[in-house]
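Participant: please find the sequence and the predicted model below.
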Amino acid sequence: MKINKMVGERFKDKPTDCVIDSHALMMRGGYMKDIAKGIYSQYPPLKRICKKIEEIIREEMDAIDGQEVLFPVVMSSGIWEESGRYESIGSEMLRFTDRNGAKMLLGMTHEEAAVHLVRDYAGSYQNYPFMIYQIQTKFRDEARPRAGLIRVREFTMKDAYSFHTSQEDLEKYYDVVYEAYNRIFARAGVPEVITVASDSGMMGGSIAHEYMLLTPVGEDSIAICDDDACDFRANMEAAESIIENTKNGADEELKEVHTPNIHTIEDICEFLHTPLEQSCKAVVYQKNKDDEYVVVFTRGDLDVNETKLVNLIGDDIHPADITPECGLSAGYIGPVGLKVAGNPTVIYDKSLQGTNNLSCGANKDEYHFTGLCMERDVPDAEYVDVAKIIEGGICPKCGKHTIKISRGIEVGNIFQLGTKYTKSMNMTYLDAEGKTQTPIMGCYGIGVGRLAASVCEAHHDEYGPIWPITIAPWQVHLCAIRSDDAETKAFADKLYDDMQKDHIEVIYDDRNVRPGVMFSDADLLGVPIRLVVSPRNLGESVVEVSTRDKKIQDKVPTGEILDYVKNLIKKLTDEING
């Protein structure tokens, strides 16, 4: 490929709407162009990167007996109605009606399509276990697409689905996929990706892990034990919050205190000169299904983990609209004398269990209680974990105050789905005794474009990406300085032809431009190996060789350059694959 023929252009200035480095560099470098919010067209460099990622994924999926299939992007609502997700998934799923009046949708995930494809085939236990996978375009109507390819609406994803006759067999294969994923991310150049326990969300299932690239620009919060002897890691959505509850001296009398114009937990604690930990906070939601109120009480310094709450009540929620008719007094809600219209759900977090001498709302305007003792004043309370784990909190595994909260980008996920889809969609098989059974599923996903952007986020400098050679758009970037010099042009042309004959992936810049422009473009393309041919170098009978990460800078005799490049490609590739 000659750079002067390549579609797309590179430019100097950072786009104003790019909030993270990878997004800015990929826009500046001519990798992609936005066609709508969260929807991008790919120029050749990004397409080549994604193609290489897909090939790594294919090799690893085929190595664990995966069979590649292809599901449609557009699906009938019927199979989603079978699973129950046609109505339960919100506006993230794009629904439409075709010209015949049939209800259709754009696939945002393909569990239903996977079951539909194989349920007629897999009617006997002798057909199990097996795994199918695809690499396909999906559409999720994200409310707030941002950060380039990190959060988009249209995306390419590898999703795989395994089918088993026992939980033990699923767990055994889950471990196989777990290790295959580690190999995929290492081969893509990001071995620093870690696994964390996660919540399965809309996918369902009991056990799930996410693969996270730790970075300050990540959108997910991860709880990690900072003790080297402990390997606890979990998404904050799934991390158990453990609180050491202690009595604060002798129980005080429950007293009503006039607190005018005070509405927040911070304000009341400042008014009473008490710490947040010595208060009881109310957070109010409504269920999406019927708008019934959900009142959650936690210790004042903790936040509600809405994922835990949704899982607990079995319904999606939204912040409450507190009306005069509902019986709640906004800013003054407490557990003593609470009255809520309708059929409310009242939940107490474990952080309140056994506590005393707390401040809380008195359930009437401009009044709070002090001296709240949960055992005495709310004797019927049942306690559950619905709080977010906190920095410096107790590790659920080793029990030490060693929790650190980090940020990360989710680059992959794996789920033990169980029978959520096979049961609802009536997929069955006959076992060895001729009895009807329901197969058990696993699900395994990797976002291709997101992984490409994550690698860029992990490996770049101020000038551009530093692509690992295994997924780089090209292996070699050949720069001919002073291409108007006949000798320079002739040597560079021959070197370009020789590398192509040896199946070396090379991008060739023979434009008659200033070296600064040429090297700036090379930095933005991030190709691992750079060769510079110039009149000065040829005067010394050498070619300048450098790597994009600046670890290698060398001058190689012109007669040895081809073998040198081939050996360097092998060295860089072996370092990653090793």
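Facilitator: Perfect, I can see it now. Numbers count the residues shown, from 1 in each chain.

Participant: in space, what's closest to the residue nearest the centre of the chain - neighbours in sequence excluded?
Facilitator: When Cα atoms, centre = their mean is applied to the chain, the residue found nearest the centroid is residue 410 (2.3 Å). Once flanking residues are discounted, residue 410 sits nearest to residue 210: 5.0 Å by Cβ to Cβ, 6 or more residues apart in numbering. Where you see a C-beta, it was placed from the backbone N, CA and C, and this is true even at glycine.

Participant: ok, that neighbour - contacts?
Facilitator: Listed by Cβ atoms under 8 Å, 6 or more residues apart in numbering, the contact partners of residue 210 are 195, 196, 198, 220, 235, 410, 412, 413.

Participant: show me those that map onto strands.
Facilitator: Here DSSP state E is the test, and the contacts of residue 210 give 195, 196, 220, 235, 410, 412, 413 as lying in strands.

Participant: what would the residues you listed look like in CSV with distance to residue 446 and pLDDT?
Facilitator: What follows is the ones in strands among the contacts of residue 210, written out as CSV (distance: Cβ to Cβ, whole Å; pLDDT from 0 to 100):
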residue, distance to residue 446, pLDDT
195, 13, 90
196, 15, 90
220, 16, 87
235, 17, 87
410, 10, 93
412, 4, 95
413, 8, 94
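
Participant: with these in mind, which one is nearest to residue 275?
Facilitator: residue 235 (28.5 Å; Cβ to Cβ).

Participant: would you say the residue nearest to residue 410 is within a strand?
Facilitator: Yes: counting by DSSP: H, G, I helix; E, B strand; the rest coil, residue 210 is found in a strand.

Participant: name whatever forms a beta bridge with it.
Facilitator: residue 196, residue 413 (DSSP bridges).

Participant: just residue 233 next, same as before
Facilitator: Taking DSSP bridges as the rule, residue 233 bridges to residue 224.

Participant: shouldn't it be in contact with residue 198?
Facilitator: No: under the criterion of Cβ atoms under 8 Å, residue 233 makes no contact with residue 198, lying 9.9 Å away.

Participant: give me the contacts around stretch 362-380.
Facilitator: 251-262, 268, 272, 280, 328-329, 332-339, 348, 352-361, 381.

Participant: could you turn the buried ones of the ones in strands among the contacts of residue 210 into a ChimeraX selection?
Facilitator: In ChimeraX, a selection of the buried entries from the ones in strands among the contacts of residue 210 looks like this (16 or more other Cβ atoms under 10 Å):
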select :195,196,220,235,410,412,413
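
Participant: now the helices: where do they sit in the stretch 101-250 of the chain?
Facilitator: Listed in chain order, the helices of the stretch 101-250 of the chain (DSSP state H, counting those that start in this stretch) span 111-118, 167-187.

Participant: oh, that last question was meant for the stretch 301-450 of the chain, not what I typed.
Facilitator: Under DSSP H, counting those that start in this stretch, the stretch 301-450 of the chain gives helices at 306-313, 374-377, 420-424, 448-458.

Participant: next, the angle helix 167-187 makes with the last one.
Facilitator: What it means is helix 448-458. Inter-element angle recorded for helix 448-458 and helix 167-187: 50 degrees (by axes from the mean of the first three to the mean of the last three Cα atoms, to 10 degrees).

Participant: next: the first one.
Facilitator: Between the direction of helix 306-313 and that of helix 167-187, the angle (the same axes, to 10 degrees) works out to 170 degrees.

Participant: CA atoms of helix 306-313 as CSV?
Facilitator: What follows is helix 306-313, C-alpha atoms only, in CSV (Å, rounded to 0.1, in the frame of the first residue of the first chain):
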residue,chain,number,x,y,z
GLU,A,306,-28.6,0.0,41.8
THR,A,307,-27.6,-3.3,40.1
LYS,A,308,-27.8,-5.2,43.4
LEU,A,309,-31.2,-3.5,44.1
VAL,A,310,-32.6,-4.4,40.6
ASN,A,311,-31.5,-8.0,41.1
LEU,A,312,-33.0,-8.1,44.6
ILE,A,313,-36.5,-6.8,43.6
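
Participant: now do that helix, average pLDDT.
Facilitator: Taken as a whole, helix 306-313 has an average pLDDT of 92.

Participant: return the most buried member of the helices of the stretch 301-450 of the chain.
Facilitator: Of the helices of the stretch 301-450 of the chain, the one with the most neighbours on average (mean count of other Cβ atoms under 10 Å) is helix 448-458, at a mean of 26.

Participant: can you give me the end-to-end span of stretch 317-335?
Facilitator: 21 Å (Cα to Cα, to the nearest Å).

Participant: cool, and stretch 551-571?
Facilitator: 13 Å.

Participant: average model confidence for it?
Facilitator: 97.

Participant: chain center to stretch 103-118: distance?
Facilitator: Counting by Cα atoms, centre = their mean, to the nearest Å, stretch 103-118 is centred 21 Å from the centre of its parent chain.

Participant: average pLDDT across it?
Facilitator: 96.

Participant: any buried residues in it, and which?
Facilitator: Neighbour counts over stretch 103-118 (16+ other Cβ under 10 Å) mark 105-118 as buried.

Participant: then that stretch to PDB, C-alphas only?
Facilitator: Output of stretch 103-118 as PDB, limited to C-alpha atoms (Å, rounded to 0.1, in the frame of the first residue of the first chain):
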ATOM      1  CA  LYS A 103     -42.500  -6.800  14.400                       C
ATOM      2  CA  MET A 104     -38.700  -6.800  13.800                       C
ATOM      3  CA  LEU A 105     -35.600  -5.700  15.700                       C
ATOM      4  CA  LEU A 106     -31.900  -5.100  15.300                       C
ATOM      5  CA  GLY A 107     -29.800  -7.600  17.200                       C
ATOM      6  CA  MET A 108     -28.000  -6.300  20.200                       C
ATOM      7  CA  THR A 109     -27.100  -9.800  21.300                       C
ATOM      8  CA  HIS A 110     -27.900 -13.200  19.900                       C
ATOM      9  CA  GLU A 111     -28.700 -15.700  22.600                       C
ATOM     10  CA  GLU A 112     -32.200 -16.200  21.100                       C
ATOM     11  CA  ALA A 113     -30.800 -16.700  17.600                       C
ATOM     12  CA  ALA A 114     -28.300 -19.200  18.900                       C
ATOM     13  CA  VAL A 115     -31.000 -21.300  20.600                       C
ATOM     14  CA  HIS A 116     -33.200 -21.000  17.500                       C
ATOM     15  CA  LEU A 117     -30.400 -22.200  15.200                       C
ATOM     16  CA  VAL A 118     -29.500 -25.400  17.100                       C
END
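
Participant: quick revisit: gap between the residue nearest to residue 410 and residue 235?
Facilitator: In this view, residue 210 and residue 235 are 6 Å apart by Cβ to Cβ, to the nearest Å.

Participant: that'll do, ta.
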